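Asks: Give me a 3D structure for the following:
(chains A and B)
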Amino acid sequence: DIVMTQSPLSLSVTPGDPASISCRSSQSLLHTNGYNYLDWYLQRPGQSPQLLISVNSRRASGVPDRFSVSGSGTDFTLTIRRVEADDVGVYYCMQALQTPPTFGQGTRLDIK
Amino acid sequence: QVYLVESGGGMVQPGNSLRLSCAASGFSFNMYSMHWVRRAPGKGLEWVASLSNTGNKRDYSDSVKGRFTISRDNFQSTVFLQMDSLRSDDTAVYYCGRARDRDGRDFDYSGQGTLVTVS
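Replies: Take a look at the predicted model:
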């Protein structure tokens, strides 16, 4: 199975400041079609997981462009350009290249 | 608008069974693979099982293989998760998810979840 490792596991951010979360995979997530099969999900408190960014860094419908992903292969970074109060929750990276799909441990973001 | 509504959760004793349902609406259910994922208390998300749109391809996590069975009824637009031989470490909120791009290993919509407590 592909192991996903996130860091940090928690971060506290002042509104308006940027935030970054790193995700590393134990195998390359770069498919032969040129796409990285790496997703990012946000689970807000008391809510279900929401897809933020999917394969090859495509933002899901309704996700603001404050959210972006960089990286390829085994190393990825989710960047939130200006954190807002609504961004609070647990962020997960997930690989969708192989079965079983696997998640990182999650990174809890809260607001200072 | 895509809607997924899970039901069937509850409290059961170890070794017993439970059947979860996920009713879908707002899309052509018979064209999409479906997933179940879960989140145990204090833990992260874990993929549990997937089923192709026709029902002929199933995948399970090692932690539930042989104990859980995923199935679907395309006429009722519902996906099920039959959970047998339940253990305490199956305690979690269970979410169903619609496969992204119809057959992706990831999901683009999920329901509000249903809580399963094994104790």
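Asks: Where does the prediction get shaky in chain B?
Replies: Low-confidence segments of chain B (pLDDT under 70): none present.
Asks: Taking the centroid of chain B, which residue is nearest it?
Replies: B:Trp36 (2.9 Å; Cα atoms, centre = their mean).
Asks: Could you identify the helix or strand that succeeds the helix or strand of chain A with the lowest mean pLDDT?
Replies: In chain A, the helix or strand scored least confidently by mean pLDDT, DSSP states H and E is strand A:58-59, which has a mean of 92. Downstream of strand A:58-59, the first helix or strand assigned by DSSP states H and E is strand A:67-72.
Asks: So what's the gap between whichever helix or strand B:Ser50 is part of and the chain middle?
Replies: Assigned by DSSP H and E, B:Ser50 falls within strand B:45-51. Averaging C-alpha positions (Cα atoms, centre = their mean, to the nearest Å) puts strand B:45-51 7 Å from its chain's average.
Asks: And for stretch A:86-104?
Replies: Distance of stretch A:86-104 from the chain centroid (Cα atoms, centre = their mean) equals 6 Å.
Asks: for the record, mean pLDDT for it?
Replies: For stretch A:86-104, mean pLDDT rounds to 97.
Asks: quick one: terminal-to-terminal distance for it?
Replies: This stretch, stretch A:86-104, spans 22 Å end to end (Cα to Cα, to the nearest Å).
Asks: Show me what counts as buried in it.
Replies: Across stretch A:86-104, burial judged by 16 or more other Cβ atoms under 10 Å in any protein chain shown covers A:87, A:89-97, A:100-104. For glycine as for every other residue, the C-beta is placed from the backbone atoms N, C-alpha and C.
Asks: touching chain B at all, it?
Replies: Yes. For stretch A:86-104, a contact with chain B is found by Cβ under 8 Å from any Cβ of the partner chain, at A:Val90, A:Tyr92, A:Met94, A:Ala96, A:Leu97, A:Gln98, A:Thr99, A:Pro100, A:Pro101, A:Thr102, A:Phe103, A:Gly104.
Asks: ok, the nearest residue to the fifth one once chain neighbours are set aside to A:Leu11 distance?
Replies: Okay, so that is A:Leu97. Spatial nearest neighbour of A:Leu97, excluding adjacent residues (Cβ to Cβ, 6 or more residues apart in numbering or on different chains): A:Tyr37 at 3.8 Å. Applying Cβ to Cβ, to the nearest Å, the value for A:Tyr37 to A:Leu11 is 25 Å.
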